[in-house]
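1. Sequence and predicted model, in that order:
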Amino acid sequence: MEKKRNRKPNWTEEQGLLLAQLVNEHKGMLRGKFGPTVTSQGKRRAWDTISQTINASFPLVVQTGDDCEKRWYVLPSKAKDEIAVHKRESSLTGGGPPAKRLSQVADTVFQVLGHSEVSVTGLPTGIDTSMMQALEMQQR
């Protein structure tokens, strides 16, 4: 007879928001390059501090530093998807309902990552072909 693996409940929206806010507070350590001030032990301590804060706010489910770190690597992916949809809907023309607002989690992740890492509209060094066509038409 196989034992069932006990799983923790899924992270709630509030826990994800708190995690994103705490990562934003510790982003110098967590997202910094390794060097004299940024070490693997320092990063581990930062994740442990984050988990302690989350556990103090949500005592029913105990999250470890590893749990928080794993969850953090899922949040930006989901936030980037949400931001891409938001940008696409915002740039549509014509009538219809306004684009849905970003969730607080996606907005906070966007602040942590910065604008450069959440570029979902194209390549930063890419060429806008519509501008090239407009220039060609002006030259004719």
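-> That came through fine.

2. Do a quick rundown of the helices in the protein.
-> Listed from the start of the chain, the chain has helices (DSSP state H) covering 13-25, 27-30, 40-57, 65-90, 104-113, 129-139.

3. which residue packs closest to L75, ignoring adjacent ones?
-> Excluding the flanking residues, the one nearest L75 by C-beta to C-beta, 6 or more residues apart in numbering is V109, at 5.5 Å. C-beta coordinates here come from the backbone N, C-alpha and C atoms, glycine included.

4. Likewise for L102?
-> Leaving aside its sequence neighbours, L102 sits nearest to H86 (C-beta to C-beta, 6+ apart; 5.5 Å).

5. Quickly note the distance from the one you found to L113.
-> Counting by C-beta to C-beta, to the nearest Å, the gap from H86 to L113 is 15 Å.

6. Same check on A46?
-> To L113, A46 is 17 Å away according to C-beta to C-beta.

7. And D107, by the same measure?
-> The gap separating D107 from L113 is 11 Å, by C-beta to C-beta.

8. which of these two has more neighbours?
-> Applying other C-beta atoms under 10 Å to D107 and L113 shows that L113 carries more neighbours, namely 19 against 16.

9. before we move on, back to that, can you tell me how far the residue nearest to L75 is from K87?
-> From V109 across to K87, the span is 15 Å (C-beta to C-beta).

10. Between these two, which has more neighbouring residues?
-> A side-by-side neighbour count of V109 and K87, using other C-beta under 10 Å, places V109 first with 28 against 15.
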